[in-house]
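Visitor: here's my sequence, what's the structure:
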Amino acid sequence: MRALVTGGTGFLGNRLCQMLTAQGHEALAVDLKAPAVSLQWAFASCDLTREELPAAFKPDVIFHLAAAPWSSVEPRDRIAINVYGTINAVEYAAKIGARLIFTSSAQIYGPPVYSPQN
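Guide: Predicted structure coming up:
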């Protein structure tokens, strides 16, 4: 299987690429900036809000992990990254006939009433 992982240099994206390659799959990590360490899989720099994902790779599946946490950037930038980046990933998957697996985070539920959450 050929897998493209958006947010591929983040904590989860990195672990997912590691797991995929360990199982014999081909992975391409896509993110805004290059990783700080050497990867054992391919990497492509891409701004999902402005660019189409790398066309030459032709993945069977796209794991969409790229996102901006609510606390890290300005509201307009969060909308661009989280909404338009997701729209671009969905449109790209439809265009090339790849499956899209979308993930989210606990932040969609808002601030917790108590911590740690059950």
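Visitor: CA only for contacts and neighbour counts going forward, please
Guide: OK.
Visitor: what helix or strand is V37 on?
Guide: According to DSSP states H and E, V37 maps onto no helix or strand at all.
Visitor: how close does it sit to R76?
Guide: Distance, V37 to R76, by CA to CA, to the nearest Å: 30 Å.
Visitor: how about A22?
Guide: Remark: distance between A22 and R76 (CA to CA) = 38 Å.
Visitor: do S45 as well
Guide: 22 Å.
Visitor: the more surrounded of the two?
Guide: Neighbours were counted for S45 and for R76 using other CA atoms under 10 Å; S45 has more, 16 against 9.
Visitor: could you give the bridge partners of the more buried one?
Guide: On the basis of DSSP bridges, S45 is bridged to D31.
Visitor: for it, what are its contacts?
Guide: By CA atoms under 8 Å, 6 or more residues apart in numbering, the residues touching S45 are 30-34.
Visitor: so which of those residues wins on neighbours?
Guide: Going by other CA under 10 Å, V30 tops the contacts of S45 with 27 neighbours.
Visitor: give me the most central residue, the chain.
Guide: Among the residues of the chain, the one closest to the centroid is T6, at 2.4 Å (CA atoms, centre = their mean).
Visitor: isn't that residue right up against V61?
Guide: No. Contact criterion CA atoms under 8 Å: T6 and V61 do not qualify, at 11.1 Å.
Visitor: mind listing the strands for the protein?
Guide: In the chain, the strands defined using DSSP state E lie at 2-6, 26-31, 42-45, 61-64, 99-102.
Visitor: what packs against the second one?
Guide: What that stands for is strand 26-31. Applying 3 or more CA pairs under 8 Å, 6 or more residues apart in numbering; DSSP states H and E, one finds that strand 26-31 contacts strand 2-6, helix 11-22, strand 42-45.
Visitor: repeat that for 6 Å
Guide: strand 2-6, strand 42-45 (3 or more CA pairs under 6 Å, 6 or more residues apart in numbering; DSSP states H and E).
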